[in-house]
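Visitor: Prediction below, plus the sequence it came from.
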Amino acid sequence: MKLNINGQEREVDVALETPLLWVLRDHLGMTGTKFGCGVGVCGACTVHLDGRAVRSCVMPVVAVTSMEIRTIEGLDHLVQAAWIEERVPQCGYCQSGQLMAAAALLAEKPAPTDADIDASMTNLCRCATYQRIRRGIHHAAAHLAAAAPPPATTVPAGVPTVPAEPAPATSPAAGGR
Ligand code: FES
Ligand code: FES
């Protein structure tokens, strides 16, 4: 079957119910996505499906053949720079899943509150880097706000606008008289 992974078409010959995580790691050698619990709890295996964070260990590959799959190998997001600046990882094992979850959160909420982060970031970290993860997300949100284009200028209500200049009169065609 064909899969769209990180913008590239990949072909795999696997049973339909094979979990996407197995396909990524064992069949395609994409080991940036990690195996933790295998039952959809820890989030180490998080990837994006059509932009949403999903746990790939419990996702049958047949369910994603028409979706855009993005893995940590294909993530290009300001959150990665923020993670380095805040020195978020400790052992690092959970962090590819954390980054995928954080990028999906920021796509949905570019300026999340602590409550938004706590509600959305359900990935587990055995090193308990949760406070640094939170700081990293706020740091990335600040990067995103700085990188955003300025809002379009609008004319406040009641301010007269300058009328458009009248179009110049057309000169009579040569020999028109
Ligand atoms: S390995 Fe998928 S949620 Fe833990
Ligand atoms: S950094 Fe070690 S498990 Fe999260």
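Guide: Noted; the coordinates are in hand. Numbering: from 1, shown residues only. Ligands and ions are numbered 1, 2, ... in the order given.
Visitor: ok, now which ones touch Glu108?
Guide: Ser120 (CB atoms under 8 Å, 6 or more residues apart in numbering). Where C-beta positions appear, they are placed from N, C-alpha and C, glycine not excepted.
Visitor: Next one: it from ligand 2, what distance?
Guide: Counting by CB to the nearest ligand atom, to the nearest Å, the gap from Glu108 to ligand 2 is 23 Å.
Visitor: Repeat that for Leu144.
Guide: Per CB to the nearest ligand atom, Leu144 is found 23 Å from ligand 2.
Visitor: Check Pro60 too.
Guide: 26 Å.
Visitor: same check, this time on Pro151
Guide: Pro151 is 37 Å from ligand 2, by CB to the nearest ligand atom.
Visitor: State the pLDDT value of that residue.
Guide: You'll see Pro151 listed with a pLDDT of 70.
Visitor: right, and Asp114 touches Ile133 too?
Guide: No: if you go by CB atoms under 8 Å, Asp114 and Ile133 don't touch, sitting 11.3 Å apart.
Visitor: Which one's more surrounded, these two?
Guide: Ile133 (24 against 10; other CB atoms under 10 Å).
Visitor: Any stretches of this structure with poor pLDDT?
Guide: Low-confidence segments of the chain, defined by pLDDT under 70: 153-177.
Visitor: any chance you could map the helices in this structure?
Guide: Taking DSSP state H to define them, one finds helices in the chain at 20-22, 78-85, 95-108, 114-120, 130-147.
Visitor: would you put the C-alpha positions of the last one in PDB?
Guide: C-alpha atoms of helix 130-147 as PDB (Å, rounded to 0.1, in the frame of the first residue of the first chain):
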ATOM      1  CA  TYR A 130       7.100  18.800  32.300                       C
ATOM      2  CA  GLN A 131       8.000  22.200  33.500                       C
ATOM      3  CA  ARG A 132      10.600  22.700  30.800                       C
ATOM      4  CA  ILE A 133       8.100  21.400  28.200                       C
ATOM      5  CA  ARG A 134       5.700  24.000  29.300                       C
ATOM      6  CA  ARG A 135       8.400  26.700  29.100                       C
ATOM      7  CA  GLY A 136       9.400  25.400  25.700                       C
ATOM      8  CA  ILE A 137       5.900  25.800  24.400                       C
ATOM      9  CA  HIS A 138       5.600  29.300  25.700                       C
ATOM     10  CA  HIS A 139       9.000  30.100  24.200                       C
ATOM     11  CA  ALA A 140       7.900  28.700  20.800                       C
ATOM     12  CA  ALA A 141       4.600  30.700  21.000                       C
ATOM     13  CA  ALA A 142       6.700  33.900  21.500                       C
ATOM     14  CA  HIS A 143       8.800  32.900  18.500                       C
ATOM     15  CA  LEU A 144       5.600  32.400  16.500                       C
ATOM     16  CA  ALA A 145       4.200  35.700  17.500                       C
ATOM     17  CA  ALA A 146       7.400  37.500  16.500                       C
ATOM     18  CA  ALA A 147       7.500  35.700  13.200                       C
END
